[in-house]
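# sequence and computational prediction follow.
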There are 2 protein chains.
Amino acid sequence: MHQHLDDLFALLRIPSVSTDPARRDDLRRCAAWLAAKFTALGLTAEVHQTPGHPIVSARNRRVAGRRTVLIYGHYDVQPADPLALWRGDPFVPTLSDSGVITARGATDNKGQILAHILGAGETIAADGDLPLNVIFLVEGEEEIGSPHLAEFLRRQRAELACDVVAVSDTGMIEPGRGTLTYGLRGIACLEVAVSGPDKDLHSGIFGGAVANPLTALARLLATLHDADGRVAIRGFYDGVAPLAQWERAAWAALPVTDAELLRLAGASALAPEPGYRGVECAWGRPTAELNGLYGGYQGEGSKTVIPADAHAKLSFRLVPGQEPEKILSLAAAHLRNHCPPGVTLTVTPGHAGAAYLLDPATPCAQAARRALALAFPGKEPALVREGGSIPIVSDFKKILGADTLLLGLALPDARIHSPNETFTVENFEAGIRLNQILLHELAR
Amino acid sequence: MHQHLDDLFALLRIPSVSTDPARRDDLRRCAAWLAAKFTALGLTAEVHQTPGHPIVSARNRRVAGRRTVLIYGHYDVQPADPLALWRGDPFVPTLSDSGVITARGATDNKGQILAHILGAGETIAADGDLPLNVIFLVEGEEEIGSPHLAEFLRRQRAELACDVVAVSDTGMIEPGRGTLTYGLRGIACLEVAVSGPDKDLHSGIFGGAVANPLTALARLLATLHDADGRVAIRGFYDGVAPLAQWERAAWAALPVTDAELLRLAGASALAPEPGYRGVECAWGRPTAELNGLYGGYQGEGSKTVIPADAHAKLSFRLVPGQEPEKILSLAAAHLRNHCPPGVTLTVTPGHAGAAYLLDPATPCAQAARRALALAFPGKEPALVREGGSIPIVSDFKKILGADTLLLGLALPDARIHSPNETFTVENFEAGIRLNQILLHELAR
């Protein structure tokens, strides 16, 4: 374990902040470090240049007839800002007496991907090879939206062909409890602009005679939901897969109660869809959300203006059964049908991605659940969905045709993306163990 | 007339921009110039210091038993910016062959108030005195909201006691046509804040489980109007004075058609209250307007956030019969009653002022109409209201108990507040004539 921690600390010392152009060489250095590590462990590694930061791949020898698993991770990290809130240098990792490692990237994602790499190394050291074909794929641009990964997957589709993908980049429901994330929501974004007069008008001179774009926008957006808060776009719920009885029951036993969600949100009350608990809405029900709203005067005091235009940014969280492009077109039609008179509406679709759902009863998922149970003994693995979207998971499905096992090692208090990010030695060890067990379970 | 134009040009050459601290001495110089001019014409002048720019007053001898008229104007001007759009120096007035004077302040308000001053001077030169008691009140802070005028009126209430106020600082409906503005709308402002979670939340993690303050705000604001665009606040229209049949007929004959309003607004269509023409809504019907709306993400692309709060700026244009404070309290009650669950509402009232209406059949208004007919011969004076608010008119009523005659000399194309502001020699002469006739008519 001492050597493993040395490796992790060496990796954490490289400030591979992908969004910072000044760190470009650090990202190269990080990719080279990984390639050298893979090689040292007995894998064949390659560094692939992209228009951005390099992608590192590594594999054991390919044996025909064996299953292939692709293990994905990323070596880039979020910026460390605000630096003043860190207790030490974010790129000088520390280890506390209680076994807590603090550094930028400790959990997200260096600690988690390195656990898989070192786990594979241990298996090779013990057995001479891994029990199935393994491809590691570690990119350097996850924190900036993986702009070159899909293109790489398409170009290398044959080389990357696999039966299943494994990723440790999600959360654990609680310490010591293995957690399989078997579903993600999709997303569809659009922007709405309402324009009226060709310039801002004096509300004294024109008010009452012309339509106010701000009022029109508020009225239009208010039609997106019915009185109960359900989305009122015709056809929005068509095909939505209902929550299964087993998952509603399973989630009810998890420590994600309405009270806990409320505490995390810091709101005065939850406002779930009627008939659903908060976590059911967040993980398994679709939404229409306003993410931004602006127009007219925003400064101190008042300015009595009827502005020329008003704007809103919308996004829809989608669940299995909903097609992003169809939702965007239903939404655009709804907005056009409900736009008040006297103004002009412009709807601009943005990025979109489908929801993801893996049946936890499939053999792959069963293997993952067994591995989680063995790596985190004493507690039945939790089966969860997440409400966010992880676009690479859709890409793996679309381009490689492979399902993804999301086996997160991030603790609820790991402070990923925040100052003083941590990873525990306990989870690092568990991750190394998890990789070894998972590969054996998937090979069965 | 040559001497009168020399006087106007001298006044226009002083760059009395009240909002610019660097022009402080120019405002003093302007006040001194006016006091000297009043004195030269045979009036008793006084320059009153205020915490801001000075107020100039002047009067003829007070004769008991005569009516008293207070003539108000302002010697400060708007900034000349953007300078690049002026054809010449804004403070070097020019006179075109067709009789158009171009300079900042030409119409607003130096040309108009000087016409009254010079008109009074001509009467004194001819008759030895004015036909009634006259008080001139010319302030230097109108363009910055007259912050010290109300206090001055209160302090000098006895000295400023008058039967009626006359102001030339409004518009003419068309060239050559005397225009009496007998009504103004009032105003009441308030700000609305809706807050939800105690920080911005990830819409993937929490979306669907918590109320979105932007959605709540849009839904709340959409309740302000009914399907026809009428204000839906209970009691809002209580006591509203209906438009008189005579004024609807009079306005219909004015060149403020719906087509003309639409052209000025540059919108795709007017959206008047059902049953009213555009000008009737703008001059004589109350409104609820959104002047600003903001919250969440406003940058490029998308950011999938549920923001902690959302904000709106509202203002109500009021008509006779509506009490600003009562409207603010009805609006606050409406907002509280219609606020969706899961968020916290804060309503902050802002400034408010009542509508103003002068019956054009009163003796004073009749005198003004006769004076306008004589000063602008050949066309029946137009009787108009304006949709904006002029707070000093309320102050004159509240503090001095006097009605105000608004006898504007500003032409529709005078470009007040804009580059290349103009005033015509024709209107300057008409204004001088108007003052002489008005004082005689008010003395009858």
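Sure thing, it's come through.
# per-residue pLDDT, whatever residue of the stretch 151-300 of chain A ends up closest to chain B?
The nearest approach of the stretch 151-300 of chain A to chain B comes at A:Gly204, 2.8 Å away (Cβ to the nearest Cβ). (Glycine included, C-beta is placed from N, CA and C.) pLDDT for A:Gly204: 90.
# could you find the closest non-adjacent residue to it?
Once flanking residues are discounted, A:Gly204 sits nearest to B:Gly388: 2.8 Å by Cβ to Cβ, 6 or more residues apart in numbering or on different chains.
# is that neighbour within a helix or a strand, and which one?
Using DSSP states H and E, B:Gly388 sits in no helix or strand.
# and for it, the neighbour number?
By the criterion of other Cβ atoms under 10 Å in any protein chain shown, B:Gly388 has 19 neighbours.
# ranges for the strands of the stretch 251-400 of chain A?
Along the stretch 251-400 of chain A, counting by DSSP state E, counting those that start in this stretch, strands occupy A:287-296, A:305-306, A:309-318, A:344-353, A:356-357, A:382-386.
# center of chain A - which residue?
Centroid-nearest residue in chain A: A:Ile390, 3.7 Å away (criterion: Cα atoms, centre = their mean).
# contacting residues for it?
When contacts are counted by Cβ atoms under 8 Å, 6 or more residues apart in numbering or on different chains, A:Ile390 touches A:Asp169, A:Thr170, A:Leu184, A:Tyr356, A:Leu406.
# excluding its backbone neighbours, what's nearest the second one?
Think A:Thr170. Nearest residue to A:Thr170 in three dimensions, chain neighbours excluded: A:Gly408, at 3.2 Å (Cβ to Cβ, 6+ apart).
# and the helices in the stretch 251-400 of chain A?
A:258-265, A:278-284, A:324-338, A:363-375, A:391-395 (DSSP state H, counting those that start in this stretch).
# kindly report the same for the stretch 1-150 of chain A.
Applying DSSP H, counting those that start in this stretch to the stretch 1-150 of chain A gives helices spanning A:2-12, A:24-40, A:112-127, A:149-155.
# and the angle from the longest one to helix A:2-12?
Using axes from the mean of the first three to the mean of the last three Cα atoms, to 10 degrees, the interaxial angle of helix A:24-40 with respect to helix A:2-12 works out to 150 degrees.
# which other helices and strands contact helix A:24-40?
helix A:2-12, strand A:44-48, strand A:55-59, helix A:112-127, strand A:133-139 (3 or more Cβ pairs under 8 Å, 6 or more residues apart in numbering or on different chains; DSSP states H and E).
# for stretch A:112-129, C-alpha coordinates in PDB please.
What follows is stretch A:112-129, C-alpha atoms only, in PDB (Å, rounded to 0.1, in the frame of the first residue of the first chain):
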ATOM      1  CA  GLN A 112     -10.600   6.500  -8.500                       C
ATOM      2  CA  ILE A 113      -9.000   5.800 -11.900                       C
ATOM      3  CA  LEU A 114      -5.600   5.000 -10.300                       C
ATOM      4  CA  ALA A 115      -7.300   2.400  -8.000                       C
ATOM      5  CA  HIS A 116      -8.500   0.600 -11.100                       C
ATOM      6  CA  ILE A 117      -5.000   0.800 -12.700                       C
ATOM      7  CA  LEU A 118      -3.200  -0.400  -9.600                       C
ATOM      8  CA  GLY A 119      -5.800  -3.100  -9.100                       C
ATOM      9  CA  ALA A 120      -5.100  -4.400 -12.600                       C
ATOM     10  CA  GLY A 121      -1.400  -4.200 -11.800                       C
ATOM     11  CA  GLU A 122      -1.900  -6.400  -8.700                       C
ATOM     12  CA  THR A 123      -3.800  -9.000 -10.700                       C
ATOM     13  CA  ILE A 124      -1.100  -9.100 -13.400                       C
ATOM     14  CA  ALA A 125       1.600  -9.400 -10.700                       C
ATOM     15  CA  ALA A 126      -0.200 -12.300  -9.100                       C
ATOM     16  CA  ASP A 127      -1.600 -14.100 -12.200                       C
ATOM     17  CA  GLY A 128       0.600 -12.900 -15.100                       C
ATOM     18  CA  ASP A 129      -2.500 -11.500 -16.900                       C
END
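# got the contact list for that stretch?
Contacts for stretch A:112-129 (Cβ under 8 Å, 6+ apart): A:4, A:7-8, A:11, A:34, A:37-38, A:41-43, A:60-61, A:71, A:73-75, A:130-131, A:134, A:136, A:138, A:166, A:168-169, A:408-410, A:423, A:427-428, A:430-436, A:439.
# pLDDT weak spots in the stretch 101-250 of chain A?
Applying pLDDT under 70 to the stretch 101-250 of chain A picks out no residues at all.
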